[in-house]
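Peer 1: Provided below for reference: sequence and predicted model.
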Amino acid sequence: MAGSGDITPDESLYPIAVLIDELRNEDVQLRLNSIKKLSTIALALGVERTRSELIPFLTDTIYDEDEVLLALAEQLGTFTQLVGGDSYVHVLLPPLESLAQVEETIVRDKAVDSLRLLAPQHSTTDLETYFVPTVKRLAQGDWFTSRTSASGLISVCYSRVSNHVKSELRQLFKSLCQDDTPMVRRAAVSKLGEFSKVVETEYLRTDLVGLFTNLANDEQDSVRLLAIEAGIAMASLFRQDDLEAQMMNTLRGATEDKSWRVRYVVADKLVELQKAVGNEITKNDLVSAYCSLLKDPEAEVRAAAASKLKDFCNQLPQETREQIIMSQILPCVKDMVTDMNQHVKSALASVIMGLSPILGKDNTLEHLLPLFLSQLKDDCPEVRLNIISNLDCINEVIGVRQLSQSLLPAIVELASDAKWRVRLGIIEYMPLLAGQLGPEFFDEKLSSLCMSWLTDHVYAIREAATNNLKKLVEKFGRDWAQNTVIPKVIQLARDQNYLYRMTCLFAINVLAEACGQEITQRMMLPTVITLAGDAVANVRFNVAKTLQRIYPVLDGSALAMHAKPCLEKLTQDGDFDVQHFASDALETEQCTLMTNTSTSEISLALHELSQFLYPTERLDVKALSIHTCLALTATKEGRQSLINESDDKFLTQICTLLLEDNQESIRFDCLLFLINLTADEEISLKLTTKITDDNFWFQILSKLLNPDYEHADAACKLLSNMTHSVENGEYFIKYYDEKYPKWIEDIIEAFLTINFNKKQNKLDYLSAILANLTQIKSFRKRLLQDGEGLSSKHSMLRKLFCFTNSTYSTIRRGSVACILKNCCFDHEYHYHLLKENDDFLCALLHPLAGPEDFTDKENEELPVDLQYLPPDKVREKDPDIKKILLDALLMLCTTKSVRLYFRRKNVYLILREYHQQETNRVLDLLCEKIIQILIGDETPEYDNLLTDVDIPNDLVQKFEQVDQKEADEISKQPD
């Protein structure tokens, strides 16, 4: 018998046998996975067997789904060391050559990328012996696919081969540029600029210029537009005198091309061309070409040219810049100001202000200001806003006085524009304008305008106007505020329109902090108290909210003498909403009275209480002290006071009572104190350092997992609060890993065991702790591990699947659904969640399934656990849980392999039936999105993640409009 270290012949063949077996499997995902493990298999085989067995096998078996071939092409580009290093890199060329000829574009491109990576790793001899022949075979292939791939390979090997081979490569590239197939010519011209940088100067003139000229005059506009970029790259390689003779005629012709798409590219790349050709040719040729593009019959071309106005003018020769702009460019710009197309005008408005620093004050006043005024009055809101947002450019040139005389009248006119978004744009610009004008000039010109916005009929304008006032007060100071702003704000309290009286309160909300205590109490507080007697309930409950908002600004006497009596009266109001908001405000007021006392008084009070927080203290005294502290945790302000003003000893005493006191009621009150305190995430973050007993959290978990612990549910809630944030979650994972190595297994075991706790604690919130921790990627990975690696078959996660369809507890169902959803965030784990069986999918789908009467054929296509469901099967009723499950399915759909898996498992059937009976519009729309993905066609160029798809800006805007429409529909639905 062979020793344990020996390998039998059969065993040595195992890796390649497994690969062959997996590559022949019907499951695409399995084949894809085997390709992604190629590096592991190659390591197992060793470099010699990888060269002699694995690479030939891959070369002979290239016939598969595009996603498998794409993965193979990518893997081979990193295989150099696995085949023995640079000396043997040529053995990777045959499979990549085959991949570079396939029909799918993304596979070919990836194969070419890998070949380009491998080319520098060849020695000069190997390059001519192996790589160049590969390029030749591709360039002379019968199918256009191979010839397009060859275009990208010639430049990477050209500089390192002999002159004879260089001549052959130039001839090959020439043949590709003259190919009968447009796709090949497109590929060749896209690499022409790159090739021109490695070719010798003499051949640049004799060979490549002619190719560029032919391609720039090609019958296909898709070829001609790519030639523009190549021309720019080549132009930078010529001296000025050669450039005019060699290329400028062709480049000039491109600006007048019959295809607007070509002219668009010229306009878009004009500044790059300008830098490449230099000042003299720019002055003689490009200026006239640019003017021609500004007058182009196609709006898209004019818009592209207009967007380059500032950059183009900045690049003009400094000695003739002003003369060229004034005599040639500015007349075209004047015509564009009145262009019929709003996109052209908008593009121009975004850059035209940039001409002011170039032309100087006199020319700006004489020639540009009339254009700015015209654009400020344009019918298109975007044009006006683009001008407003760039006023600082002109202000630097002509000064604020001149600006106010010329443009402010137009701005004032816009402030009364019929379109509220235009008015909103003016408001947002006002603080900047105020800083430029100064308080005196601002009061004279714009103060009344700012106050008029407070009575606008659109709420968004009134809200923006109040925030604008705060910024102005911060800029001009409190004296300006009490003389100019506050009297006018208070005047709104007497307006007949209740909306304006509410605006008065909103303004006081934001101005109180900026104006300070003295002004708030003297001028604004009496107005708020007066409005408490308003006839409109909406005004009265906003009084309560305003008092709550300005508490921090008021002193203790103002709170006690004015705010508190007012709120107590409002709690007896006949309107329920007024009572509610007044009660909330009154609770806050009690805590604010405490926080407004001195820090030393609070610290002293807590210190006095702490003297009674010992296990040996009398029960009645302990209970009263704890209840006093517990009362403070009922409000946010009270909790903040406790955490900020107490020392570490105070919290340590609470923790000691919780763990050691003999009285059950004391232990529970201490636990309740910590639960309330940690309800604020900010406080829970501080508590990990505030509690100095290093074993406290270990003991809490140990007690929680003790079947005889009477307050296990409360302990669960405490840990749930503490792990709510990612930062704390990471802290507790590290802490429990050190203190309690099997903590995860024990938590899950306790959670799975019904009636685990003998004191009637259900331990439902254990799942909330797990859900919080699954926000952290490392923890999610641990739930998926089964001892041998990532898997869902024997992992801890699998044990939780049954609870998504359990009637035992809504908390459990919801939290477990959250855990499964969080595990779907990592697209690289999607395969592991689903690879072993259908359990994970069934855990998500079973709650959404009902007693559907599918045909036998339809049932057979479903996962086994979803087949022939009983007539009394009831769907999940909780809308929040249903949304979590649908979100998880949608996240899984971002991965292509999962989408294919979902289609094989007929997930669409379950979702179709669910969609037909769902009445909640939010869930209905979410389900529709998943269904649309499943029934849609796969786009080959987007191989895997939908989240990686680049969406054009115009489509983004359309999608946002659709989303807004959906949101509007949902908001109109009754609750």
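Peer 2: Okay, I see it. Remember, predicted model here, so these are calculated numbers, not experimental data. Numbering: from 1, shown residues only.

Peer 1: shaky segments in the stretch 1-150 of the chain?
Peer 2: In the predicted model of the stretch 1-150 of the chain, residues 1-25, 62-64 satisfy pLDDT under 70.

Peer 1: Tell me how many other residues surround D142.
Peer 2: If you count neighbours by other C-beta atoms under 10 Å, D142 ends up with 8. All C-beta spots, glycine's among them, are computed from the backbone N, C-alpha and C.

Peer 1: again, but for R51
Peer 2: Neighbour count for R51, taken as other C-beta under 10 Å: 18.

Peer 1: can you check G850 too?
Peer 2: Neighbours of G850 (other C-beta under 10 Å): 15.

Peer 1: for the closest residue to it other than its chain neighbours, helix, strand, or coil?
Peer 2: Closest residue in space to G850, ignoring its immediate chain neighbours: R875 at 4.8 Å, by C-beta to C-beta, 6 or more residues apart in numbering. Assigned with DSSP: H, G, I helix; E, B strand; the rest coil, R875 falls in the coil class.

Peer 1: Quick check: R875 vs L923, distance?
Peer 2: Using C-beta to C-beta, to the nearest Å, R875 is found at 11 Å from L923.

Peer 1: Please identify which of these two sits among more neighbours.
Peer 2: Legend: neighbour count by other C-beta under 10 Å for R875 and L923, higher for L923 (19 against 15).

Peer 1: my read: the more buried one touches I884, true?
Peer 2: No - under the criterion of C-beta atoms under 8 Å, L923 makes no contact with I884, lying 10.6 Å away.

Peer 1: Do me a favour and get the end-to-end distance for stretch 135-149?
Peer 2: 9 Å (C-alpha to C-alpha, to the nearest Å).

Peer 1: got the buried residues for that stretch?
Peer 2: 135-136, 138-139, 141, 144-149 (16 or more other C-beta atoms under 10 Å).

Peer 1: Over to stretch 618-637?
Peer 2: Buried residues in stretch 618-637, defined by neighbour count with 16+ other C-beta under 10 Å: 622-623, 625-626, 629-630, 632-633, 635, 637.

Peer 1: In helices, which of the buried residues of stretch 135-149 fall?
Peer 2: Members of the buried residues of stretch 135-149 lying in helices (criterion: DSSP state H): 135-136, 138-139, 144-149.

Peer 1: Among those, which one lies nearest to R263?
Peer 2: The shortest approach to R263 among those belongs to T148, at 26.1 Å (C-beta to C-beta).

Peer 1: Leaving out sequence neighbours, find the closest residue to the closest one.
Peer 2: Per C-beta to C-beta, 6+ apart, closest to T148 is A187, 3.9 Å.

Peer 1: Hmm, the one you found is touching S151, no?
Peer 2: Yes - judged on C-beta under 8 Å, A187 makes contact with S151 at a distance of 4.1 Å.

Peer 1: Now the common contact residues for these two.
Peer 2: Residues touching both A187 and S151 by C-beta atoms under 8 Å, 6 or more residues apart in numbering: L176.

Peer 1: what about these two, which has more around it?
Peer 2: Taking neighbours as other C-beta under 10 Å, A187 and S151 compare with S151 leading, 28 against 25.

Peer 1: element containing E440, please.
Peer 2: Secondary structure assigned from DSSP states H and E places E440 in helix 439-445.

Peer 1: That helix - contacts with which helices or strands?
Peer 2: Judged by 3 or more C-beta pairs under 8 Å, 6 or more residues apart in numbering; DSSP states H and E, helix 439-445 is in contact with helix 400-406, helix 420-437, helix 459-476.

Peer 1: would CSV of these with mean neighbour count and mean pLDDT be doable?
Peer 2: Output for the helices and strands packed on helix 439-445, formatted as CSV (neighbours: other C-beta atoms under 10 Å; pLDDT from 0 to 100):
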stretch, mean neighbour count, mean pLDDT
helix 400-406, 16, 67
helix 420-437, 19, 73
helix 459-476, 19, 85
